[in-house]
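**Q** Sequence and predicted model, in that order:
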Amino acid sequence: MGLTEPKVVTGPGGYVLEDVPHLSDYIPNLPTYHNPLQDNPAYSVVKQYFVHVDDTVPQKVVVHKDGPRGVHFRRAGPRQKVYFESDEVQAAIVTCGGLCPGLNTVIRELVCSLHHMYGVTRVLGIEGGYRGFYARNTITLSPASVNNIHKRGGTILGTSRGGHDTNKIVDSIQDRGINQVYIIGGDGTQRGASVIFEEVRRRGLKCSVVGIPKTIDNDIPIIDKSFGFDTAVEEAQRAINAAHVEAESFENGIGVVKLMGRYSGFIAMHSTLASRDVDCCLIPESPFYLEGPGGLYEYIDKRLKENGHMVIVIAEGAGQELLSESNQSAKKQDASGNTLLKDVGLWISQSIKEHFAKEKTLPITLKYIDPTYMIRAVPSNASDNVYCTLLAQSAVHGAMAGYTGYTSGLVNGRQTYIPFYRITERQNNVVITDRMWARLLSSTNQPSFMEVKSSDEDIKEENSFDQLEDVHCSEDHLVDDISSNPGFIAPITVPISRTGLKSGI
Ligand SMILES: Nc1ncnc2c1ncn2[C@@H]1O[C@H](COP(=O)(O)OP(=O)(O)OP(=O)(O)O)[C@@H](O)[C@H]1O
Ligand SMILES: O=P(O)(O)OC[C@H]1O[C@](O)(CO)[C@@H](O)[C@@H]1O
Ligand SMILES: [Mg+2]
């Protein structure tokens, strides 16, 4: 049996539904049951509580009069019929990858939704990430045992990187009689979930495999934003405030704050926009340089002379190519195969200090703050708690309705089911040709780090920009409003040239 073929349904006017797999796709004659929610007084009185079978959600909300209607995803929510009886369900929940605010809230709401909405009493917690399926005992989860966990950071189940052994995991699913698996994690985790789904399907198991996207970096595509992101941005304000207070209190004071973001600078960008105290935000998607006209040192010099102090926010993945130039040590990887980044915060702080000491132009005082783990180890804030609740409820409704091989995610403010391949095919990055980055530049007044180039380079780089713009325009992902989602941004994974910033968008 080959890999699951995408289920694509087309309709008039260029309508496309990228549907998710269903247990009945590979198990014939599955019986269906009355949805217990129909007898639940909380829901049965709500007219149209149940999702219509044809309800779908568009990926693009900005459309042109004669343009195609584009890709849609299946709308999440309860269905009239379910494919599991309550006492038949043996659910399992696992958390993988790095921490993120809201993990415990998702666990709590999965357990409570299964229990209170669908009468499911058998829910297992898999401890310590993927390897917990085969290397650890399980724990029993009940509404009572998870009652207060949303007030705590971290994950009560524990997490890990590496250890994804598909056969051992699916053996464990089969041996324990698990028929609904809820897998909470980032891009790597969703890739792992996709492989588990394929193996479950190959073995013909009646088991729904459901992903719940978690990533503090907000690097998962399609979805509006990932849970915990707002909390992280809020927590980052404390570090930025501290850097600002320190910088303001010294003559030529500089505060440097390093924030998370391996390949995606969303936390740095949104924290900067939220704070208004930041003079320069450096992210992986926008290469920068230090020396010479238009460089960082020149800007620091100017800003200190104008204002007497400044704050720099730098994402952990920014400027890695500059560090590699100065430090040739071999790239190391974590247990999941992610490249371990060098500490750009320390490096840039040191470089700035050395530069101004050498130039003897301005006596600076620099304070470096690294709140990395503080912003992801906190409990989720109120709005993330609501978001986590809706995500978890949607995930459960989908599994009970027999859907499988999907990630539960918010698209344009609506809960949807997205096929795994759409989640894992690319990464979500800040697009520096989008309005959001332009807004940031106009709020900080930082340089765009466009080098003066020879005419040959000009032509080469203009061409590469045209390609970017093509991708950008064809996806039509312009972000229109500052309050709009940070995730709804064009998919560009190619390195962006220094001319990547163009006005007039
Ligand atoms: N391609 C893959 N196939 C199967 N399993 C994978 C794959 N990539 C990663 N995994 C597994 O998924 C789990 C989590 O991956 P990873 O450590 O990259 O974190 P993540 O889910 O991307 O979260 P984050 O990066 O936001 O912390 C690990 O156990 C890893 O072994
Ligand atoms: O040190 P750890 O736990 O591997 O996590 C660090 C990484 O996790 C992330 O927060 C993603 O979860 C990245 O931003 C960061 O590089
Ligand atoms: Mg990841």
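**A** Thanks, I have it. Ligands and ions are numbered 1, 2, ... in the order given.
**Q** Please make it C-alpha for all contacts and neighbour counts, starting now.
**A** OK.
**Q** any idea which residue of this structure is furthest from its center?
**A** Going by CA atoms, centre = their mean, the residue of the chain most distant from its centre is residue 360, 43.3 Å out.
**Q** sec struct for the residue nearest the centre of the chain, please.
**A** When CA atoms, centre = their mean is applied to the chain, the residue found nearest the centroid is residue 218 (2.8 Å). What DSSP: H, G, I helix; E, B strand; the rest coil gives for residue 218 is coil.
**Q** Begin at 192 from now on, thanks
**A** That works, and once the first residue is 192, the last one we named lands at residue 409.
**Q** Counting neighbours, what do you get for the closest residue to ligand 2 within the stretch 242-391 of the chain?
**A** Across the stretch 242-391 of the chain, the shortest distance to ligand 2 (CA to the nearest ligand atom) belongs to residue 289, at 4.1 Å. Counted with other CA atoms under 10 Å, the neighbours of residue 289 add up to 19.
**Q** Please report the distance of it from residue 513.
**A** Taking CA to CA, to the nearest Å as the measure, residue 289 falls 26 Å from residue 513.
**Q** Residue 603 now?
**A** 37 Å.
**Q** Of these two, which one has the most company?
**A** Per other CA under 10 Å, whichever of residue 603 and residue 513 has more neighbours is residue 603, with 20 against 16.
**Q** So the residue of the stretch 242-391 of the chain closest to ligand 2 sits against residue 351, correct?
**A** Yes - using CA atoms under 8 Å, residue 289 is in contact with residue 351, at 7.3 Å.
**Q** can you give me the end-to-end distance of stretch 299-319?
**A** Terminal residues of stretch 299-319 lie 17 Å apart, using CA to CA.
**Q** any idea of the mean pLDDT in that stretch?
**A** In this model, stretch 299-319 has an average pLDDT of 98.
**Q** where does the residue nearest to residue 411 when sequence neighbours are not counted land in three-state SS?
**A** The shortest distance from residue 411 to any non-neighbouring residue, by CA to CA, 6 or more residues apart in numbering, is to residue 619 (5.2 Å). Under the three-state scheme (three-state DSSP), residue 619 adopts coil.
**Q** Give me every residue in this protein lying close to ligand 1.
**A** 287-289, 321, 351-355, 376-380, 382-383, 406, 527 (CA under 6 Å from any ligand atom).
**Q** and with 5 Å instead?
**A** Taking CA under 5 Å from any ligand atom, the part of the chain that reaches ligand 1 is made up of 287-289, 352-355, 376-380, 382-383, 406, 527.
**Q** Just give the closest residue to residue 463, not the sequence neighbours.
**A** Of all residues beyond its chain neighbours, the one nearest residue 463 is residue 469 (5.7 Å), with distances taken as CA to CA, 6+ apart.
**Q** Count the neighbours of the one you found for me.
**A** 26.
**Q** Contacts only, for it.
**A** Residue 469 sits next to 431, 463, 501, 502, 503, 504, 635 when contact means CA atoms under 8 Å, 6 or more residues apart in numbering.
**Q** isn't there a strand covering it?
**A** No - if the criterion is three-state DSSP, then residue 469 is coil and not within a strand.
**Q** okay, it: pLDDT?
**A** So, for residue 469, pLDDT stands at 98.
**Q** Contacts for stretch 559-571, please.
**A** For stretch 559-571, using CA under 8 Å, 6+ apart, the contacting residues are 290-293, 296, 341-345, 407, 419, 422-424, 426-427, 430, 434, 446-451, 536-537, 540.
**Q** so who does the residue of the stretch 242-391 of the chain closest to ligand 2 touch?
**A** Neighbouring residues of residue 289 by CA under 8 Å, 6+ apart: 350, 351, 352, 376, 406.
**Q** Same question for residue 536.
**A** Counting by CA under 8 Å, 6+ apart, residue 536 touches 447, 448, 449, 505, 507, 559, 561.
**Q** Pull the most distant pair out of these.
**A** Greatest spatial distance in those: 507 and 559, 13.3 Å, computed using CA to CA.
**Q** Between those two, tell me which one has more neighbours.
**A** Per other CA under 10 Å, whichever of residue 507 and residue 559 has more neighbours is residue 507, with 27 against 19.
**Q** Does residue 443 touch residue 547 like I think?
**A** No - contact criterion CA under 8 Å: residue 443 and residue 547 do not qualify, at 10.8 Å.
**Q** Looking at those two, which one has more neighbours?
**A** A count of neighbours by other CA under 10 Å puts residue 443 above the other of residue 443 and residue 547, at 21 against 17.
**Q** check contacts around that one.
**A** 495, 496, 499, 500, 501, 553, 554, 555, 556.
**Q** ok, now with 6 Å
**A** Residues in contact with residue 443 (CA atoms under 6 Å, 6 or more residues apart in numbering) are 495, 499, 500, 555.
**Q** What's the local residue count around residue 372?
**A** By other CA under 10 Å, the residues close to residue 372 number 26.
**Q** that's a strand at it, yeah?
**A** Yes - according to three-state DSSP, residue 372 belongs to a strand.
**Q** Show the backbone phi and psi for the closest residue to residue 640 other than its chain neighbours.
**A** Distance criterion CA to CA, 6+ apart; nearest residue to residue 640, sequence neighbours excluded, is residue 479 at 5.4 Å. Main-chain torsions, residue 479, degrees, to the nearest 10: phi -130, psi 170.
**Q** I'd say residue 375 and residue 401 touch.
**A** No - using CA atoms under 6 Å, residue 375 is not in contact with residue 401; the gap is 8.6 Å.
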